[in-house]
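**Student:** give me a 3D structure for the following:
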Amino acid sequence: MACPAILTGDRFVSRLIEHIDCQSRYLGAYGYDALGQPGSTASLVVTGLLTLFVALFGIRLLFGPTPAARDVVLDVLKIGIVLTLAFSWPAFRTVIHNAVLDAPAEIAGTMGGSLVAPQNAGLTDRLQQADSAMVRLTELGTGRQIGQFVESEDPGSRFGGVAIEDDGGFGYARVVWIAGLIGSLALLRIAAGLLLAFAPLAAALLLFDATRGVFSGWIRCLVLALTGMVAVTIATAVELSVLEPWLADALRLRTLGYAAPSAPTELLAMTLAFALVKLGMIWLMGRIAWQRGWLTLPAMPVIAMRGPGAMRAPAGPSSETQALPSRAERISHSMETTLRRETSTSSSSRTDIRQLAAPASAASTAVSPSSDRLGNSWRRSAYRGSRAASERDRSR
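**Tutor:** Take a look at the predicted model:
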């Protein structure tokens with residue numbers, strides 16, 4: 001692919017934009033073809049990963065738990081997506097390649113309407129016309145030596161409030177203008193072409209859970225490139241809508257012979273502000289593309305109304321406001337539960353041994369409930385005396 005050469009002077013901006021667009025398309029198309037070509041290193045890696053995925057699936061069927069129908073359908077879909085993204089250039093070009101590189105201009109044209117392309121003029125032609133007007137205004141200068149003003153005021157007082165020199169102001173303004181335009185455009189277009197070239201390798205990473213995050217990041221970067229180009233195009237169109245009438249008026253004043261002392265400062269301020277706007281739009285689109293989950297707002301505390309007729313909340317602590325126990329409290333509760341369990345276990349074992357050693361009648365008495373008073377259940381019912389005591393009683 002022969003991209004247009006960049007020449008100094010006339011049509012510098014338009015040639016540079018066309019060259020960057022050509023290089024991004026070249027990188028996306030031919031890079032994909034080089035990686036996805038049969039026999040290349042990338043194609044062998046993708047084929048090996050597919051073979052490994054199918055082998056692991058077969059081993060799971062033989063020795064592991066039987067996968068559900070949902071898992072089987074998802075695995076088949078993964079294989080189809082990988083084969084489509086890695087080895088089918090017509091499908092990849094229609095679904096992803098053209099959508100990333102061509103859709104931003106169409107979306108911006110639909111959203112901006114006449115703001116993006118008024119009077120059937122392309123955005124690139126308008127950018128080149130604005131750059132040529134800046135060069136012409138730099139050649140004419142501000143008219144400091146002429147001393148003729150539209151308001152017919154003193155030249156010294158008009159030029160005294162200008163903090164930037166004429167040539168430096170116009171030169172810095174054009175540098176910021178071209179750098180902000182080409183920097184933002186080149187960043188997004190070249191990044192998009194590089195990501196499109198990595199499609200065969202990125203698609204193979206969808207197969208396994210450990211590498212699925214890399215595939216998700218690849219998709220998010222493509223979304224950032226697409227939405228970022230739309231945002232930069234809209235911001236550039238707004239900048240042109242501000243610069244075009246201003247440049248036309250400044251050139252008209254200088255052509256009629258009047259001085260424009262505030263032109264360098266105004267032009268530098270506008271170009272610098274819109275360069276920062278473009279960088280901010282890219283950052284904002286990146287935050288949108290890399291946002292995870294759904295935004296949730298914190299629960300608002302319920303404020304009780306004061307007054308005789310106000311409803312009062314219950315006194316007990318709610319589940320939301322109740323503090324969780326600390327680690328020391330959890331350890332103490334666990335130790336207390338363990339001690340109680342051991343105490344109950346030891347007492348029950350001693351009771352069981354005592355019941356096993358006692359006679360059957362005593363065991364039945366101990367087990368069966370009794371209506372006697374406390375302490376009467378084990379009291380002797382008959383008098384127990386020794387033989388000597390019996391003989392002594394007889395001798396009396």
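**Student:** point out where the stretch 151-300 of the chain drops to low pLDDT.
**Tutor:** Along the stretch 151-300 of the chain, the parts satisfying pLDDT under 70 run over 151-163, 293-300.
**Student:** show me where it has helices.
**Tutor:** Counting by DSSP state H, counting those that start in this stretch, one finds helices in the stretch 151-300 of the chain at the ranges 155-160, 166-197, 199-204, 212-255, 263-289.
**Student:** among the ones you listed, which is nearest residue 123?
**Tutor:** helix 212-255 (6.7 Å; C-beta to C-beta). Heads up, the C-betas are built off the backbone N, CA and C, glycines and all.
**Student:** give the contact list for the spatially most central residue of the chain.
**Tutor:** The residue lying closest to the centre of the chain (C-alpha atoms, centre = their mean) is residue 290, at 2.0 Å. The contact partners of residue 290, taken as C-beta atoms under 8 Å, 6 or more residues apart in numbering, are 220, 224.
**Student:** need phi/psi at it.
**Tutor:** phi -100, psi 20 (degrees, to the nearest 10).
**Student:** and what of residue 326?
**Tutor:** Torsion angles, degrees, to the nearest 10, at residue 326: phi -80, psi 180.
**Student:** what's the burial count for it?
**Tutor:** If you count neighbours by other C-beta atoms under 10 Å, residue 326 ends up with 9.
**Student:** could you do the one 10 residues further on as well?
**Tutor:** Using other C-beta under 10 Å, residue 336 has 10 neighbouring residues.
**Student:** same check, this time on the one 4 residues further on
**Tutor:** As a burial measure, the neighbour count of residue 340 was computed by other C-beta under 10 Å and equals 10.
**Student:** residues touching it, list them.
**Tutor:** Per C-beta under 8 Å, 6+ apart, neighbours of residue 340: none.
**Student:** that one and residue 325, how far apart?
**Tutor:** According to C-beta to C-beta, to the nearest Å, residue 340 stands 18 Å off from residue 325.
**Student:** now do residue 106
**Tutor:** Residue 106 is 59 Å from residue 325, by C-beta to C-beta.
**Student:** okay, residue 137 and residue 179: tell me how far apart.
**Tutor:** Computed as C-beta to C-beta, the residue 137 to residue 179 distance reads 18 Å.
**Student:** neighbour count: the two, which is higher?
**Tutor:** residue 137 (23 against 12).
**Student:** state the mean pLDDT of the one helix or strand residue 336 maps to.
**Tutor:** Using DSSP states H and E, residue 336 falls within helix 327-357. In this model, helix 327-357 has a mean pLDDT of 68.
**Student:** also stretch 75-92?
**Tutor:** Rounded mean pLDDT across stretch 75-92 is 88.
**Student:** likewise stretch 102-122?
**Tutor:** Mean predicted confidence for stretch 102-122 is 74.
**Student:** and the gap between residue 285 and residue 3?
**Tutor:** 27 Å.
**Student:** residue 42 now?
**Tutor:** From residue 42 to residue 3 the distance is 25 Å (C-beta to C-beta).
**Student:** surely residue 215 and residue 201 touch.
**Tutor:** No. Using C-beta atoms under 8 Å, residue 215 is not in contact with residue 201; the gap is 9.8 Å.
**Student:** name the nearest residue to residue 40, ignoring sequence neighbours.
**Tutor:** residue 34 (6.6 Å; C-beta to C-beta, 6 or more residues apart in numbering).
**Student:** what about residue 39, helix or strand, and which?
**Tutor:** Per DSSP H and E: nothing holds residue 39, as it lies in no helix or strand.
**Student:** what's the burial count for it?
**Tutor:** By other C-beta under 10 Å, 6 other residues sit near residue 39.
**Student:** can you check the one 3 residues further on too?
**Tutor:** Around residue 42 sit 19 other residues, with neighbours defined as other C-beta under 10 Å.
**Student:** now do the contacts for the closest residue to it other than its chain neighbours.
**Tutor:** Take residue 42 and drop its neighbours on the chain: the residue closest to it by C-beta to C-beta, 6+ apart is residue 35, 3.8 Å away. Residue 35 sits next to 42, 43, 197, 198, 199, 200, 201 when contact means C-beta under 8 Å, 6+ apart.
**Student:** so which of the residues you listed is the closest to residue 221?
**Tutor:** residue 198 (9.6 Å).
**Student:** how many other residues sit next to the residue lying closest to the closest one once chain neighbours are set aside?
**Tutor:** The shortest distance from residue 198 to any non-neighbouring residue, by C-beta to C-beta, 6+ apart, is to residue 218 (6.9 Å). When counting by other C-beta under 10 Å, one arrives at 18 neighbours for residue 218.
**Student:** didn't residue 218 look like it was pressed against residue 194?
**Tutor:** No. Judged on C-beta under 8 Å, residue 218 makes no contact with residue 194 at a distance of 10.7 Å.
**Student:** overlap of the contact sets of those two?
**Tutor:** Joint contacts of residue 218 and residue 194 (C-beta under 8 Å, 6+ apart) do not exist.
**Student:** ok, so what distance separates residue 40 from residue 33?
**Tutor:** Distance, residue 40 to residue 33, by C-beta to C-beta: 9 Å.
**Student:** nope, residue 128 is what I was after
**Tutor:** 32 Å.
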